[in-house]
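This is the structure alone, sequence omitted:
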């Protein structure tokens, strides 16, 4: 498997956070990355460096305004964290996306879906001067994600586990 860097930026181009993974799949529609325990993590905006201990599957649809991180235990998805972001850019050693702060998550401790960081999205949209088109695209992406979750659409069903974890 190929070592791979995943980088999140704050709008428009400021380093935010990054971690390592292995490229599992790349098509013209998406990139799938597996991040195993022991990988390094740097959170530039919080000044934190460390090592992460969970297994995550990252799904990056190349034409969408979101990405999906799935925490894996055994062969089950135990939590989801969806970043509303600008469509990612991909090359042979990294994927880069602009995180727009708005998130949709299903944390294993909570067990139900909820929207996170709406206040941060609105504050940063003013602070970083998000253009109206970006704000509108972010809100629409959140609605598309909610709809995918509601209808158990890929990657919010077992199909992704069958494809990448149980094979």
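Sure thing, it's come through. Quick caveat, the model's predicted, so the values are computed rather than measured.

Could you use CA atoms for every contact and neighbour count after this?
OK.

can you give me the strands for the chain?
Counting by DSSP state E, residue ranges of the strands within the chain are 2-10, 14-26, 30-35, 39-43, 48-52, 55-61, 66-73, 76-85, 89-90, 94-106, 113-116.

and residue 122, which of those strands is closest to it?
The closest of those to residue 122 is strand 94-106. By C-alpha to C-alpha, the value is 8.8 Å.

Pairing partners for that closest one, with directions?
For strand 94-106, the pairing partners within the sheet under DSSP bridges are strand 2-10 (parallel), strand 76-85 (antiparallel), strand 89-90 (antiparallel), strand 113-116 (antiparallel).

Check the offset of that strand from the chain's centre.
Strand 94-106 has its C-alpha centroid displaced from the chain centroid by 5 Å (C-alpha atoms, centre = their mean, to the nearest Å).

now stretch 135-155
Centre to centre, stretch against its chain (C-alpha atoms, centre = their mean), the figure for stretch 135-155 is 13 Å.

Buried residues, it. List them.
Across stretch 135-155, burial judged by 16 or more other C-alpha atoms under 10 Å covers 135, 137-138, 141-142, 145-146, 149.
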